[in-house]
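Participant: Structure for this input, please:
(one chain, ligands or ions: 1)
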Amino acid sequence: MSQASNPIRYDRDGAVAIITIANPPVNALGQAVRQGLWEAIDRFDADADARIALIVGDGNLFLGGADITEFGKPPVEPYLPDLCTRIEDATKPVVAAVHGPALGGGCEIALGAHYRLAVSGARFGFPEVALGLIPGAGGSQRMPRLTGVGPALDAMCSGAPLSAEKALKIGLIDRLVEGDPRAEGLAYAQELLAQSAPTRRTGALPAPAHDADLFASARKSWAAKSRGQVAPLRAIDAVEASCTLPLQEGIREERRLFLELMETPQRAGMIHAFFNDRKVAKLPELQGIAARSLDHVGVIGGGTMGAGIATACLLRGLTVTLIEQDDAGLDRARQTITGNLDAAVKRGKLADSAPALARLSLATDYAALADADLAIEAVFENMDVKKQVFGCLDAVMKPGAILATNTSYLDVNEIAQATSRPGDVIGLHFFSPAHVMKLLEVVVADQTAPEVTATAFALAKRLGKTAVKAGVCDGFIGNRILATYRAAADRMILAGTSPWQIDEAIRAFGLPMGPFEMSDLAGLDIGYMTRQRKAATRDPRDIVPTWADEMYHRGWLGRKSGSGYYCYGEGSPTPNLEVQPLIDAARGDQSQQVLEPEQIQRRYMAAMVNEAAKVLEDGIAARPLDIDVTLLYGYGFPRWRGGPMLWADREGLPGLLADIQDWAREDPWFWTPAPLLERLVAEGKTFGDLNEGAA
Ligand code: 3H9
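Facilitator: Residues are numbered from 1 along each chain as shown. Have a look, this model is predicted:
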């Protein structure tokens, strides 16, 4: 391999061989890195002047893990597990000096070394489960030998990284220092040399004791937590092998499980989600567009949503001024925000709430927003009220400030026209609770300036949220699609399937809740109000869930009133069977068709995908991946399925279209196939092709 293309540098400082991995941006362990590292270890073994080796990462991290872009392709030698063993088998001591993340295969390289030093801020972890995988280069065999089984199970089943402090405490590393990894690693290597420290192979440590009860309870708890995702359970199998098999046999068993997972749709789904997380913010129209500076945010309205948005901003160091109508409103807002921040402290998301609260000011006069860089309106969903708020904002805010609405369905173009600066107006649709939910729909109106959109994406990044660009329509991307699959569920009820059967089938598909549990949680008044709002423009062919209206009139508002589709009291909620006669009355003497769980799932998903295709066609979402990301982060779609558009591609678009056409024979208005779906099928293309710009 030529030096120019070799991502590995081999230098010497006295008797220390320094092996530097330089493969930006994340030092992923692609084939060239593996090959280069292997050669560097061979060279070190043969280098008579080198008595100890130091492995360091170039740039701002140690190693980001295996190269994910190679997954799904035939593996090419040298394989990562063999490389880790090769490092461990070196005839002279090898030290890893870790800074920043050492993840997956990166952590496994460190475990292959004989001594491990970390500089403050380093993180160790096995995020493979988030890719539908398990560690595949000996991590599940070496970590338990160093730390015991418990920490290894936690790390590998959850995928959550460990701080350097925690890694030191559990024995994953030997030393934690401040400073530069190369300099500190060198000093440590020299110290080890001075002590004539021997090679110290993790793999030679005795296997951890096998505690069958511990594994049984881990399986029980992860089966419940992982809701259909298989990788955490396979991680438990792999860690268990470390207790019962010699190292190399354990590594072979781990590899077998790893390669098995590599072939699963779950792995494909999660890797699709991984890359979409990064692609979603890359919008061609924003290339080279600078965001405006943003430090002071105004929030108008201190209800649950406004207080949540204020909390999200305070948690990430922004200054917030919150406007309410009167002092009582301000008191309520302050209480909610204080409660949110205290909860963040309890969850370990924030060290101390006092500095965050010190950045909050409250006012009843819009004049307090004169210096704000951005105002986010979160008041009552009524166009006249919104226009009035935007008129006030227009009057007080400085030139260049951004005026944003958190509306979940109103016309952002119309709101923008209530100001003298429509170019500065944008929709920022947060999801409740706004300081917890990751999704932010950035609703770009006709006249929104590109740098305003760029600022919205920069804000999302600052808030730790995933932003998706949406166009203006009723419900934007997410709520528009939700309205359709929710309507499909109502149609299934009218045809004879019960709400509880539907909820169960949707949970079995992998969502945390079914649509009717979700309605109960949101409050059945919300659905009722939406139906009222849409009544005047409703197509006569649409159906109205009259039983749901009746539930509202009876005061069954869901969780908050103690009953809805379920009864809430002590213990788990139970189906509210009093709903059934209301449904029967709505159904009249129609023949009853109880759907099987798979049929429920297919109709629900087909409705979602068909509407999503219409959303794409209307330009409300730019790419199928924007829809996948929206459903994942705002609507509980299981990450391991990648998103509804990937689901559709995997199911096969021709079969899906054929089903929709079949159902359209009975209900042609609801099941009108999306022309885009028809076109893709006719051309033999997929939503994936659209993502790649190839359809
Ligand atoms: C594994 O290791 C399996 C082994 O046990 C066994 C194998 C046999 N590969 O996130 P960023 C790209 S599984 C390829 O914005 P940050 C990413 O797509 C792996 N590419 O940076 C992006 O590309 P682009 C276990 C990767 O600084 C660019 O790098 N490891 C990889 O915010 C920058 O990424 C993981 O799961 C990769 N491994 O965060 C770690 N990682 O510019 C996954 C990133 O074209 N990675 N890219 O959009 C991360 O968590 C973060 O990237 C990291 C840096 C924390 C490292």
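Participant: alpha carbons only for contacts and neighbour counts from here, please
Facilitator: Will do.
Participant: is any part of stretch 258-269 close to the ligand?
Facilitator: No: using C-alpha under 6 Å from any ligand atom, stretch 258-269 stays clear of the ligand, coming no nearer than 7.7 Å.
Participant: measure that stretch end to end?
Facilitator: 16 Å (C-alpha to C-alpha, to the nearest Å).
Participant: how about it: buried residues?
Facilitator: Within stretch 258-269, the residues scored as buried using 16 or more other C-alpha atoms under 10 Å are 258, 261-262, 265-269.
Participant: How about residues contacting that stretch?
Facilitator: Here stretch 258-269 makes contact (C-alpha atoms under 8 Å, 6 or more residues apart in numbering) with 71-72, 131-136, 229, 231, 639-643, 646.
Participant: one step back: which of the buried residues of stretch 258-269 sits closest to the ligand?
Facilitator: The ligand lies nearest to Phe258 out of the buried residues of stretch 258-269, by C-alpha to the nearest ligand atom, at 7.7 Å.
Participant: secondary structure class for the closest one?
Facilitator: State at Phe258, reduced to three classes by DSSP: H, G, I helix; E, B strand; the rest coil: helix.
Participant: which parts of stretch 169-176 are buried?
Facilitator: Buried residues in stretch 169-176 (16+ other C-alpha under 10 Å): 171-173, 175-176.
Participant: should've said stretch 351-359
Facilitator: Quick answer for stretch 351-359 (16+ other C-alpha under 10 Å): 353, 356-357.
Participant: In helices, which of these appear?
Facilitator: If you go by DSSP state H, the buried residues of stretch 351-359 have 353, 356-357 in helices.
Participant: Looking at the residues you listed, spot the one nearest the ligand.
Facilitator: Of these, the one sitting nearest to the ligand (C-alpha to the nearest ligand atom) turns out to be Ala356, at 24.7 Å.
Participant: and that closest one, what does it touch?
Facilitator: 314-315, 317.
Participant: which of the contacts of stretch 258-269 count as buried?
Facilitator: Applying 16+ other C-alpha under 10 Å to the contacts of stretch 258-269 flags 131-136, 229, 231, 639-643, 646 as buried.
Participant: before we move on, what SS does the closest residue in space to Ala209 that isn't next to it in sequence have?
Facilitator: Closest residue to Ala209 apart from its sequence neighbours, by C-alpha to C-alpha, 6 or more residues apart in numbering: Cys243 at 5.9 Å. Look at Cys243: counting by three-state DSSP, its state is helix.
Participant: For the stretch 351-500 of the chain, which residues are neighbours of the ligand?
Facilitator: Residues of the stretch 351-500 of the chain lying near the ligand (C-alpha under 6 Å from any ligand atom): none found.
Participant: before we move on, what about the chain?
Facilitator: Within reach of the ligand by C-alpha under 6 Å from any ligand atom, the chain has these residues: 25-26, 28, 64-69, 80, 103-105, 127-128, 135-137, 275, 278.
Participant: ok, back up a step: which one of the buried residues of stretch 169-176 is nearest to His553?
Facilitator: Nearest to His553 among these is Leu172, at 60.2 Å by C-alpha to C-alpha.
Participant: Format the buried residues of stretch 351-359 as JSON lines; extra columns: pLDDT.
Facilitator: As requested, those are arranged in JSON lines below (pLDDT from 0 to 100):
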{"residue": "Ser353", "pLDDT": "96"}
{"residue": "Ala356", "pLDDT": "97"}
{"residue": "Leu357", "pLDDT": "97"}
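Participant: Mind telling me which residue of the stretch 401-550 of the chain is nearest the ligand?
Facilitator: Here the stretch 401-550 of the chain gets closest to the ligand at one residue, Lys461, 10.4 Å apart by C-alpha to the nearest ligand atom.
Participant: hang on, the earlier thing: just the buried ones out of the residues of the chain next to the ligand, please.
Facilitator: 26, 28, 64-66, 80, 103-105, 127-128, 135-137.
Participant: In strands, which of those residues appear?
Facilitator: Using DSSP state E, the members of those that fall in strands are Leu103.
Participant: okay, the buried ones among the residues of the chain next to the ligand in JSON lines with pLDDT next?
Facilitator: As requested, those are exported to JSON lines (pLDDT from 0 to 100):
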{"residue": "Val26", "pLDDT": "97"}
{"residue": "Ala28", "pLDDT": "98"}
{"residue": "Gly64", "pLDDT": "98"}
{"residue": "Gly65", "pLDDT": "98"}
{"residue": "Ala66", "pLDDT": "97"}
{"residue": "Leu80", "pLDDT": "97"}
{"residue": "Leu103", "pLDDT": "98"}
{"residue": "Gly104", "pLDDT": "98"}
{"residue": "Gly105", "pLDDT": "98"}
{"residue": "Pro127", "pLDDT": "98"}
{"residue": "Glu128", "pLDDT": "98"}
{"residue": "Pro135", "pLDDT": "98"}
{"residue": "Gly136", "pLDDT": "97"}
{"residue": "Ala137", "pLDDT": "98"}
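Participant: In helices, which of the buried ones among the residues of the chain next to the ligand appear?
Facilitator: 80, 105.
Participant: Return the member of the buried ones among the residues of the chain next to the ligand nearest to Ala164.
Facilitator: Using C-alpha to C-alpha, these come closest to Ala164 at Leu103, 12.5 Å.
Participant: Contacts only, for that closest one.
Facilitator: Here Leu103 is in contact with 63-65, 123-127, 161 (C-alpha under 8 Å, 6+ apart).
Participant: cutoff 6 Å now
Facilitator: 64-65, 124-126 (C-alpha atoms under 6 Å, 6 or more residues apart in numbering).
Participant: hey, what's it bridged with?
Facilitator: Gly125 (DSSP bridges).
Participant: Pull the distance from the helix or strand of the chain with the lowest mean pLDDT to the chain's centre.
Facilitator: Taking mean pLDDT, DSSP states H and E as the measure, the chain has helix 524-535 as its least confident helix or strand, at a mean of 91. Mean C-alpha position of helix 524-535 versus that of the full chain (C-alpha atoms, centre = their mean, to the nearest Å) differs by 30 Å.
Participant: Pull out the buried positions in it.
Facilitator: 524-525, 527-528.
Participant: I'd like these laid out as a markdown table, including distance to Ile376.
Facilitator: Listed next are the buried residues of helix 524-535 as a markdown table, based on distance: C-alpha to C-alpha, whole Å:
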| residue | distance to Ile376 |
| --- | --- |
| Leu524 | 27 |
| Asp525 | 25 |
| Gly527 | 25 |
| Tyr528 | 26 |
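Participant: quick one, phi psi at the residue of the stretch 151-300 of the chain found nearest the ligand?
Facilitator: Proximity of the stretch 151-300 of the chain to the ligand (C-alpha to the nearest ligand atom) peaks at Arg278, 5.1 Å away. When read as degrees, to the nearest 10, the backbone of Arg278 gives phi -90, psi -30.
Participant: got it, and Tyr79?
Facilitator: phi -80, psi 150.
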